[in-house]
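Trainee: Quick one, what's the 3D model for this:
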Amino acid sequence: MIIKYLLSNNYLPVSYKKGAVVYEPGAQPKAVYFIKSGEVRMVTVNDEGKEFIQGIFKANQYFGEPALLLNKPYLAYTIVSRDAEIIPVNKQDFFKLIEEDRAFSMELIKTLSNRLFYKSMMLEELANEQAEHRVKTLLTYLLKSLEKGDLLDITRQQLADMSGLRVETVIRIVKKLTDQKVLKLYKGKIIKE
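Mentor: Have a look, this model is predicted:
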């Protein structure tokens, strides 16, 4: 709904190719980014170059608002995972949208709360739980937003990067959970039952 509003009010999408960096750590926030199409992942990278996925954003979602709201530099990279069209909305226009559109303001609060809940949940998992428990908790969280019969459009590598595990470990755990009938696969993708 917000994408239609932005397009009808002459906000123009910018095309990004897979692998493009939208912003990087340390950059000052200039906009909030609304995804018309494609996919973007938000990652931190350790000294060895390993990515830890903070979030994956798809069409009709947005990113970059926490740093903009706080006027603090970005803490992570945002990298285009699939060719994307993204509508940047500058700070002044974003604040105007919050002030004038109560429904959008409530959506923003829910989105920020959901992201905070996810990060708190994953922090607890990373600190306390074994690998299988981490993967099960992450999958439960990700599947919750899907309808019955939908496929989880996340790769094993992305699951590994989101859980702080090696991809081999995630593959082994997904296979074990499938063998135990805890998970069901369709053409290699996890399906919500």
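
Trainee: Next up, phi/psi of the most centrally placed residue in the chain, please.
Mentor: The residue lying closest to the centre of the chain (CA atoms, centre = their mean) is I56, at 2.2 Å. Main-chain torsions, I56, degrees, to the nearest 10: phi -130, psi 130.

Trainee: again with K50
Mentor: Geometry field for K50 lists phi and psi as phi -80, psi 130, criterion degrees, to the nearest 10.

Trainee: cool, and L152?
Mentor: phi -80, psi 110.

Trainee: show me the contacts for it.
Mentor: 139, 142-143, 146, 189-192 (CB atoms under 8 Å, 6 or more residues apart in numbering). Just so you know, the C-beta spots here come from the backbone N, C-alpha and C atoms, and that holds for glycine as well.

Trainee: Tell me the spacing between it and Y186.
Mentor: Here L152 is placed at a distance of 10 Å from Y186 (CB to CB, to the nearest Å).

Trainee: give me every residue that touches the residue nearest to the residue nearest to the centre of the chain when sequence neighbours are not counted.
Mentor: Leaving aside its sequence neighbours, I56 sits nearest to R41 (CB to CB, 6 or more residues apart in numbering; 5.1 Å). Counting by CB under 8 Å, 6+ apart, R41 touches 51, 53, 55-57, 78-79, 81, 158.

Trainee: Distance to N90 for these - can I get that in JSON lines?
Mentor: Shown next, in JSON lines, are those (distance: CB to CB, whole Å):
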{"residue": "E51", "distance to N90": "28"}
{"residue": "I53", "distance to N90": "27"}
{"residue": "G55", "distance to N90": "22"}
{"residue": "I56", "distance to N90": "24"}
{"residue": "F57", "distance to N90": "19"}
{"residue": "T78", "distance to N90": "17"}
{"residue": "I79", "distance to N90": "22"}
{"residue": "S81", "distance to N90": "24"}
{"residue": "Q158", "distance to N90": "30"}
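
Trainee: mind putting these in a markdown table, distance to S15 and pLDDT included?
Mentor: As requested, these are exported to a markdown table (distance: CB to CB, whole Å; pLDDT from 0 to 100):
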| residue | distance to S15 | pLDDT |
| --- | --- | --- |
| E51 | 23 | 78 |
| I53 | 23 | 83 |
| G55 | 22 | 85 |
| I56 | 19 | 88 |
| F57 | 16 | 91 |
| T78 | 15 | 96 |
| I79 | 15 | 95 |
| S81 | 15 | 93 |
| Q158 | 23 | 85 |
